[in-house]
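K.L.:
Everything below, folded, please.
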Amino acid sequence: MNCEVCQLKELEVEHYEIREVLRCILHTIIFHRALGLVRPKEIDLELFEITYVQCGDVDVEKKIDEKIEQFICWVEKHPNKKSQICLSFFEVKNKQASWFTNKIERLYWEQWYINLNVAQQPKVHSSKSYSSKVVDPGENAHEERSVRRATLEASLRDVLFQIIRFVNDKKEHVPPIPNREGVISFPYEITIPSSSDSAFGMDMIKRMLQTGHPTMLS
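P.N.:
Below is the predicted model:
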């Protein structure tokens, strides 16, 4: 099976921005790949002038939020490291059991890599009061923060357009829609780095062995 891979543009974020940025990206991808009966729900970001759409499914929201919290915990334990989240869609196939394989096999047909570079010093503050995030407000500090915020907002918009372009351009690899109940037609998983970077890398190698060498698209 052909597995299409999309490496999303790297984003420079501060600690307090992780949650909103990841919600925006993950929900956008899943909304475009839901292919089921959805109840679109528009969400306005608090930190940026951006609106995105969710599927309106409680289970999807819960799963995404749980993974984001796990990722934030990983970031706090591994400062100064670039980080990556992988959202994968797959089919489940039954295969004959042997000494080396299980009866159930996951065939990955699409993977999205979200790349973040998190600032070294996390800041503690209210999520809604942007001015309170500056410890020592001054003209230069305000200007620098405004420029950085505008740059991130523009980059996040680029990522959203990158998602839309990928979805519109890459359709041939999408398997037939299975008879599944619920909003999301295909099973999916969200993978975050583990306590060991090598473990995350080994997981990716196992997937490539299962699906074959994926096609890369940036």
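
K.L.:
check contacts around the residue nearest the centre of the chain.
P.N.:
Centroid-nearest residue in the chain, with C-alpha atoms, centre = their mean: Leu26, separated by 4.2 Å. By C-beta atoms under 8 Å, 6 or more residues apart in numbering, the residues touching Leu26 are Ile64, Lys67, Ile68, Ile85, Leu87, Ile114, Ile190. For glycine as for every other residue, the C-beta is placed from the backbone atoms N, C-alpha and C.

K.L.:
from these, which ones fall inside strands?
P.N.:
With strands taken from DSSP state E, the overlap with these comprises Ile85, Leu87, Ile114, Ile190.

K.L.:
in terms of contact, does the second one touch Tyr108 like I think?
P.N.:
No. Between Leu87 and Tyr108 there is no contact, the gap being 10.9 Å when judged by C-beta atoms under 8 Å.

K.L.:
picking up where we left off before, tabulate the contacts of Leu26 in CSV, adding columns for neighbour count.
P.N.:
CSV is the format used below for those (neighbours: other C-beta atoms under 10 Å):
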residue, neighbour count
Ile64, 19
Lys67, 18
Ile68, 20
Ile85, 22
Leu87, 22
Ile114, 24
Ile190, 21
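
K.L.:
show me the contacts for Ile85.
P.N.:
Ile85 touches Leu22, Leu26, Lys67, Phe71, Tyr113, Ile114, Leu116, Ile190, Thr191, Ile192, counting by C-beta under 8 Å, 6+ apart.

K.L.:
do you know how far it is from Val167?
P.N.:
Separation of Ile85 from Val167 (C-beta to C-beta, to the nearest Å): 18 Å.

K.L.:
and what of Glu42?
P.N.:
18 Å.

K.L.:
Between those two, which has more neighbouring residues?
P.N.:
A count of neighbours by other C-beta atoms under 10 Å puts Val167 above the other of Glu42 and Val167, at 17 against 9.

K.L.:
Quick one: list the elements packing against the helix or strand in which the more buried one is found.
P.N.:
According to DSSP states H and E, Val167 maps onto helix 139-169. Packing partners of helix 139-169 (3 or more C-beta pairs under 8 Å, 6 or more residues apart in numbering; DSSP states H and E): strand 4-7, strand 11-13, helix 18-33.

K.L.:
Name the helix or strand of the chain that has the lowest mean pLDDT.
P.N.:
Here the helix or strand of the chain ranked lowest by mean pLDDT, DSSP states H and E is strand 215-217, holding a mean of 42.

K.L.:
Same list as before, the ones in strands among the contacts of Leu26 that is, but in TSV and with distance to Pro176 and pLDDT included.
P.N.:
Output for those, formatted as TSV (distance: C-beta to C-beta, whole Å; pLDDT from 0 to 100):
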residue	distance to Pro176	pLDDT
Ile85	28	96
Leu87	21	97
Ile114	27	97
Ile190	24	96
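
K.L.:
will you turn those residues into CSV that also has distance to Leu152?
P.N.:
Shown next, in CSV, are those (distance: C-beta to C-beta, whole Å):
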residue, distance to Leu152
Ile85, 17
Leu87, 20
Ile114, 14
Ile190, 22
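
K.L.:
Closest to Ala141 out of those?
P.N.:
Ile114 (28.9 Å; C-beta to C-beta).

K.L.:
what's the angle from the helix holding Val167 to helix 18-33?
P.N.:
Between the axes of helix 139-169 and helix 18-33, defined by axes from the mean of the first three to the mean of the last three C-alpha atoms, to 10 degrees, the angle is 20 degrees.
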